[in-house]
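Participant: Below: sequence and its predicted model.
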Amino acid sequence: MNKPSAQSRILQLRQLIDDYRYHYHVLDESIISEAAADSLKHELTLLEEQYPQLVTPDSPTQRVAGQVLPGFNKIRHSSRMLSLNDVFSRQEVEAWIKRINKLSPSSKTEYFADIKMDGLACAIIYEDGQYTQAVTRGDGFVGEDVTANVATIEAVPFKLRSTKSKYTSFLKGRTEVRGEIVLFKKDFEAINRQRLDTDQPAFANPRNLAAGTIRQLDPRLAAARPLRFRAYDLIVEDEEAIPTHAFAYQALRALGLPANLQATTFSSLEELIKFVQQWESKRHQLAFNTDGLVIKLNDRKLYKSLGVAGKAPRGAVAFKYPAEEATTTIKDIVLSIGRTGAATPIAVFAPVVIAGTTVQHASLHNADEINRKDIRVGDTVIIFKAGDIIPQVLKVLTDLRPKKTKAFNMEVELKRQYPELSFVRPAGEVVYRLKGASSKLLLKQALVHFASKGAMDIDTLGEKNVAALINAHLIDDIADIYGLNVNQVIKLDRFAETSARKLIDGIKNAQKPDLARFIYGLGIRHVGAQTAIDLAQNFKSLDKLACATLESLSSIDGIGEVVAESIVAWFVDPDNQHLLKKFKQLGVKTVYESRLGGLLQGKSFVATGSLKRMSREAMAQKVRDLGGIFQTSVAKDTTYLVVGANVGEAKLAKAKKLGTKRLSETDFLQMIGQI
C-alpha cells in the first residue's frame, strides 16, 4: 500500500473507531463488537507504525477515547487512568520486551500477569481507611462520580481492614483502589431469563449491563443487580510502600478487597508464554468474561520510570486472545458447484486470524444473501465464526467501501466463471443449479471418476456397480463407499458373496491413497492428474492444500488465476468441507509420495497411435508415478513422442519440426525397466 492509499485508509479507520468508541463508552451501546473494533484498531496501529509521519494527536491510538455523560458530577483523577496497547502473539510480546530492554538494559526483568476483566474500570478512594468516593474512568483524565451506586456493591468494603502490620500504613491518609466492576456470567444469564419470562428484551452482554447499571441515577437499581468488583491496582502517596504489582495484590486482599487469584509473577518469557497459552482455553471456566491477559513489569519503580507513550504505559501490554470476530477485506467472490449442482458464492478474504485459526474464505450462501448484506469485492467486512469453526460474514463496513465498487450479479458471474455450463434458478428457490443435471447423475459421474485408474483405481467400481449402489440408496456421496460392508452389498441383484467381498476389499485397499491421486479423484474443476501431482508436491498434505491462498496457488508453475479460484472455491464449499470431514471419520488417510527424483523426473511425454502393451491412460499414469509429465499434445518442452500403430501425421510433423525425440512403445518400456 502506497502513502496516499494508506492516508485515505487511516482517515477512514479513525472515523469509524471514534464512532464505535463514542457509542460503546458514552452511550453504552455497540454498533460493532469489541473484537471487531480491536481488529480495526490493530490495523490502524500497524499502518501508523509503517507511516509514522501520518500519526496525529487526535488519532484513537494516541488517547483514551470517550466523554463524560451528563447527570453525574465530573471528578478529575489523581493520576491518569491509562489504557493498554494490545498484543496478539508471542512475537509481539517479544518485541515489547526488546523495547523494554533497550530502554532499561541493566534492569532485571520480572513479569506480572493477570486476567483482563471485561467490565467497567473504576477508581475507589479511601480516606483513613473509610470509603469516600468512586469515579469511573471516563476519558482517563476526568470521570463520573458514581459513589452512591458503587456503595451498593457488597464486594466493595466501606472500611479497609488489615491484620498484618506491613499493610497498616494504607489505612492512613488517601488510598486509591482501581479495578473493574463486572457482572458474572451466571448472574447475567439469570437476569436475561427473568426478562424473557416477562416479555422484556434481553440485554446484549454483561459488560454493557454492568456499565449501564453503574450509570443509572437511581442507586436502588444498582442495588438490585448482583454487581461485583475486582481490584487490580493500589495507589498511595508513598510510592515506595508498594514495590511490586504482586505486593499490591497481596495488600489489596489483606485490606478486604477482592483481586484475581490467577495473577502470577514470572522470571522468564517462556514461563509467561506458558501461562498465556494455559489460559487461552481455561478462561472460559472463569466466572466473568475476558478476552485476554494484562502483562506488566512487576517492579513498580521500573514500570513508572519507563513512562507513557501516547495513551499507554510502556511497562504493560494487554495480550488479546484470538477474537471470535475480526475485520478483513474481500478480495474476490468465486463460485463453486457442489455435488447437488448448486452454485455457491465464496468470499475470498485477505487472511485474518479469528478464534485461533487463519480465515481466508467463507460461504456467502446465495445471491439473495449477498444482496441483502450488499457485499461487494473490495469491501471491509466483519467476519465471525458460527458454531465451532464455520466463518461467516456478519456485516459490511460501508464507511470503508472503496469508490467504484459494483454490486455482485450472480447471473453475470456464472456466465463469466462457467461459460460452458447453463444454470437455472427454480421458482421459489434461492439457489442457482446446474441445468439438466440431477444430484443422482452428478453423484454417479463423481464416483466413477473417483474410482477410475488415474484416481483411486478401484476396478470393482465401474459404472454399473456405481449405479446399483446409488439406486439402492446405499451412498449419498463418494465418501460413503468407505462405510459399506459385505452384508449391504450382497443384497443387491448384481452381487454374490464373492463379488461383494471383492468390492469391499477393493475399497479397503484404497483407504490410504496417494495424495495426488486423491486430489485428482475429488473432481475439482480444472484439476487434472498433472495439476494434482503439482499440488501434492507443493503442499504435501490435504489440510495444507485446503488452506491455500490464491497467491500461493498461482505461484505454482502451470496454475493460473482461473484454476486457483476453482481450487479455493472447492475447499470452501460447505458440501465439500462436510465430504472431507466424512472421509476422515471413515478412516481415509492420504499419503504423500514424492515423485521428485523419480526415474522420469524432468522428462515430458506425448503418445500417438494405438499402443499394444498398455493403454494410453496406463502409460500416462506410469509417467506421472515416475516423476515425469504426460502431455496431450506436442509442445516445445516435450521430451519424447511415444509412437504406436496407426499414427496420425500431425503429431509426427510437429515433433519433427520441434526436434522432439521419437520412441517406440518398446523403447518406452525399456526406459522404465519393464522389459
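Facilitator: Sure, I can see it.
Participant: quick one: low-confidence parts of the stretch 1-150 of the chain?
Facilitator: Across the stretch 1-150 of the chain, the ranges flagged by pLDDT under 70 are 21-22, 24-28, 62-71.
Participant: Let me fix that, I meant to ask about the stretch 351-500 of the chain.
Facilitator: For the stretch 351-500 of the chain (pLDDT under 70), the answer is 355-356, 386-390, 437-438.
Participant: please redo it, this time with the cut-off set to 50
Facilitator: Low-confidence segments of the stretch 351-500 of the chain (pLDDT under 50): 387-388.
Participant: residues near His245, how many?
Facilitator: Residues near His245, counting by other Cβ atoms under 10 Å, number 27. C-beta: built from backbone N, CA, C; applies to glycine.
Participant: so who does it touch?
Facilitator: Residues near His245 by Cβ atoms under 8 Å, 6 or more residues apart in numbering: 112, 233, 296-298, 300, 303.
Participant: Switch the residues you listed over to a markdown table, and while doing so, append distance to His578, neighbour count and secondary structure to every line.
Facilitator: Shown next, in a markdown table, are the contacts of His245 (distance: Cβ to Cβ, whole Å; neighbours: other Cβ atoms under 10 Å; DSSP: H, G, I helix; E, B strand; the rest coil):
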| residue | distance to His578 | neighbour count | secondary structure |
| --- | --- | --- | --- |
| Phe112 | 46 | 24 | strand |
| Asp233 | 50 | 19 | strand |
| Lys296 | 46 | 24 | strand |
| Leu297 | 49 | 25 | strand |
| Asn298 | 50 | 21 | coil |
| Arg300 | 55 | 22 | helix |
| Tyr303 | 52 | 19 | helix |
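Participant: Could I get these in JSON lines, plus columns for distance to Phe384?
Facilitator: As requested, these are exported to JSON lines (distance: Cβ to Cβ, whole Å):
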{"residue": "Phe112", "distance to Phe384": "33"}
{"residue": "Asp233", "distance to Phe384": "33"}
{"residue": "Lys296", "distance to Phe384": "31"}
{"residue": "Leu297", "distance to Phe384": "35"}
{"residue": "Asn298", "distance to Phe384": "36"}
{"residue": "Arg300", "distance to Phe384": "39"}
{"residue": "Tyr303", "distance to Phe384": "36"}
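Participant: List the residues that contact Asp114.
Facilitator: Asp114 is in contact with 232, 249, 260, 262-264, 293-294, counting by Cβ under 8 Å, 6+ apart.
Participant: Show me which of the residues you listed is closest to Phe630.
Facilitator: Of all these, Leu293 has the smallest distance to Phe630: 55.9 Å, by Cβ to Cβ.
Participant: what about the closest residue to Ala263 other than its chain neighbours, which SS state?
Facilitator: Among residues not flanking Ala263 along the chain, Asp114 sits closest, at 3.9 Å (Cβ to Cβ, 6 or more residues apart in numbering). Put simply, Asp114 is strand when judged by DSSP: H, G, I helix; E, B strand; the rest coil.
Participant: Now do Asp114 against Glu271, distance only.
Facilitator: Between Asp114 and Glu271 the distance is 15 Å, computed by Cβ to Cβ, to the nearest Å.
Participant: just Asn192 next, same as before
Facilitator: Distance from Asn192 to Glu271, by Cβ to Cβ: 39 Å.
Participant: so Gln50 touches Gln7, yeah?
Facilitator: No. Assessed by Cβ atoms under 8 Å, Gln50 is found out of contact with Gln7, at 11.3 Å.
Participant: more neighbours, these two?
Facilitator: In this view Gln50 and Gln7 are compared by other Cβ under 10 Å, and Gln7 has more residues nearby, 15 against 12.
Participant: which residues sit in contact with the closest residue in space to the more buried one that isn't next to it in sequence?
Facilitator: Leaving out its chain neighbours, the residue that sits closest to Gln7 by Cβ to Cβ, 6+ apart is Leu54, at 5.7 Å. If you count contacts by Cβ under 8 Å, 6+ apart, Leu54 has them with 3, 6-7, 10, 47-48.
Participant: Of all pairs in those, which one spans the longest distance?
Facilitator: Maximum pairwise distance in these, criterion Cβ to Cβ, is 12.3 Å, between Lys3 and Glu48.
Participant: With neighbour numbers in mind, choose between the two.
Facilitator: Legend: neighbour count by other Cβ under 10 Å for Lys3 and Glu48, higher for Glu48 (20 against 11).
Participant: residues near the nearest residue to that one once chain neighbours are set aside, how many?
Facilitator: Closest residue to Glu48 apart from its sequence neighbours, by Cβ to Cβ, 6+ apart: Val55 at 4.9 Å. By other Cβ under 10 Å, the residues close to Val55 number 15.
Participant: For the stretch 551-675 of the chain, which segments are assigned as helices?
Facilitator: Along the stretch 551-675 of the chain, the stretches classed as helices by DSSP state H, counting those that start in this stretch are 561-572, 574-585, 616-625, 649-658, 665-671.
Participant: Please parse this protein into its domains.
Facilitator: Using automatic domain parsing, the domains assigned to the chain come out as 3-62, 74-320, 325-434, 439-585, 604-671.
Participant: could those be laid out in CSV, adding distance to Val591?
Facilitator: Output for the domains of the chain, formatted as CSV (distance: least, Cβ to Cβ, whole Å):
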stretch, distance to Val591
domain 3-62, 39
domain 74-320, 32
domain 325-434, 25
domain 439-585, 5
domain 604-671, 13
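Participant: Tell me which of those domains lies nearest to Arg595.
Facilitator: With Cβ to Cβ as the measure, domain 604-671 is the member of these nearest Arg595 (4.0 Å).
Participant: which helices and strands does the lengthiest helix in the chain pack with?
Facilitator: Assignment by DSSP state H gives helix 3-21 as the longest helix of the chain. Using 3 or more Cβ pairs under 8 Å, 6 or more residues apart in numbering; DSSP states H and E, the elements in contact with helix 3-21 are helix 34-50.
Participant: need the helices for the stretch 301-450 of the chain, in chain order.
Facilitator: For the stretch 301-450 of the chain, applying DSSP H, counting those that start in this stretch gives helices covering 367-373, 410-417, 439-451.
Participant: what's the most buried one of those?
Facilitator: Most buried of the helices of the stretch 301-450 of the chain by mean neighbour count (mean count of other Cβ atoms under 10 Å) is helix 439-451; its value is a mean of 18.
Participant: need the helices for the stretch 1-150 of the chain, in chain order.
Facilitator: Under DSSP H, counting those that start in this stretch, the stretch 1-150 of the chain gives helices at 3-21, 34-50, 90-103, 147-150.
Participant: Leu400 is nearest to which of these?
Facilitator: Across the helices of the stretch 1-150 of the chain, closest to Leu400 is helix 3-21 (Cβ to Cβ), at 5.0 Å.
Participant: could I get that closest one in PDB with only the CA atoms?
Facilitator: Output in PDB follows, covering the C-alpha atoms of helix 3-21 (Å, rounded to 0.1, in the frame of the first residue of the first chain):
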ATOM      1  CA  LYS A   3       1.400   6.500   1.100                       C
ATOM      2  CA  PRO A   4      -1.700   8.200  -0.400                       C
ATOM      3  CA  SER A   5      -3.700   4.900  -0.100                       C
ATOM      4  CA  ALA A   6      -2.500   4.500   3.500                       C
ATOM      5  CA  GLN A   7      -3.500   8.100   4.400                       C
ATOM      6  CA  SER A   8      -7.000   7.500   3.000                       C
ATOM      7  CA  ARG A   9      -7.400   4.200   4.800                       C
ATOM      8  CA  ILE A  10      -6.100   5.700   8.100                       C
ATOM      9  CA  LEU A  11      -8.600   8.600   8.000                       C
ATOM     10  CA  GLN A  12     -11.500   6.200   7.400                       C
ATOM     11  CA  LEU A  13     -10.400   3.900  10.200                       C
ATOM     12  CA  ARG A  14     -10.000   6.800  12.700                       C
ATOM     13  CA  GLN A  15     -13.500   8.000  11.900                       C
ATOM     14  CA  LEU A  16     -15.100   4.500  12.300                       C
ATOM     15  CA  ILE A  17     -13.200   3.700  15.500                       C
ATOM     16  CA  ASP A  18     -14.200   7.100  17.000                       C
ATOM     17  CA  ASP A  19     -17.800   6.400  16.200                       C
ATOM     18  CA  TYR A  20     -17.600   3.000  17.700                       C
ATOM     19  CA  ARG A  21     -15.900   4.300  20.900                       C
END
